[in-house]
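sequence plus predicted model, see below.
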Amino acid sequence: MVRLGEVAEIVSGYNVARLPATDQDKKYTNADFEHDFYQMKLATLTNDIIYRQSLSDRNMSATIISDENKDKFISQVFSIMKVDTAKVNLRYLCFLLNESDIVNRQCSILLQGSVITRLSAHQLKKIEIPLIPLSEQKKLGRLYVTALYHYYLEVTVAKMKLQGIRSILHDQEHH
């Protein structure tokens, strides 16, 4: 086990409400996160990981930030992790942060008694992750992001089919 702070530099986002009006459209949004999350398979493996912490449902998740979103301003609900990729595969780390019971338990312990359900960069650095050989990390990470991407594609196709059927039904209603 190794602490996250030993393999990643972690920086919390900031108050984007203070951005000048000209930069308001350059904020990283939850929609940007969802896009990056499901298309993580396509992300550049040298980009940073972005970690989202939802204040409402204690839901936390990580993804590799896409090229199109990497220059956006990050709000306080996000943290950026600059990972030492010689030690940890980005996809594997996202898998651990999103799916690992070991990590989830540690997050729950760190959040106990907190009024604000958000882990600071300092707290995130304390999380311990299992460090397996890099070749195994790459295999697990690739499997994880491929499954997410296939899920995204299947949901997208299903939505398109539903939209098509609704359109046909709507047209029938008016005949």
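Perfect, I can see it now.

CA atoms for contacts and neighbours, from now on please.
Will do.

and the strands in this structure?
Using DSSP state E, the strands of the chain run over residues 2-3, 8-12, 49-53, 60-64, 78-83, 128-129.

which strands or helices does the lowest-mean-pLDDT helix or strand in the chain pack on?
Ranked by mean pLDDT, DSSP states H and E, the weakest helix or strand in the chain is helix 101-111, scoring a mean of 87. Contact here means 3 or more C-alpha pairs under 8 Å, 6 or more residues apart in numbering; DSSP states H and E; on that basis helix 101-111 packs against helix 90-99, strand 128-129.

and the average pLDDT for the lengthiest helix in the chain is what?
Looking across the chain with DSSP state H, the single longest helix is helix 134-173. Averaged across helix 134-173, pLDDT comes to 94.

ditto for stretch 39-46
In this model, stretch 39-46 has a mean pLDDT of 94.

and the least confident helix or strand of the chain, which residues are buried?
Val103, Asn104, Gln106, Cys107, Leu110, Leu111 (16 or more other C-alpha atoms under 10 Å).

test my guess that the fifth one contacts Leu119.
In this case it means Leu110. Yes - Leu110 lies in contact with Leu119 (C-alpha atoms under 8 Å); the separation is 7.5 Å.
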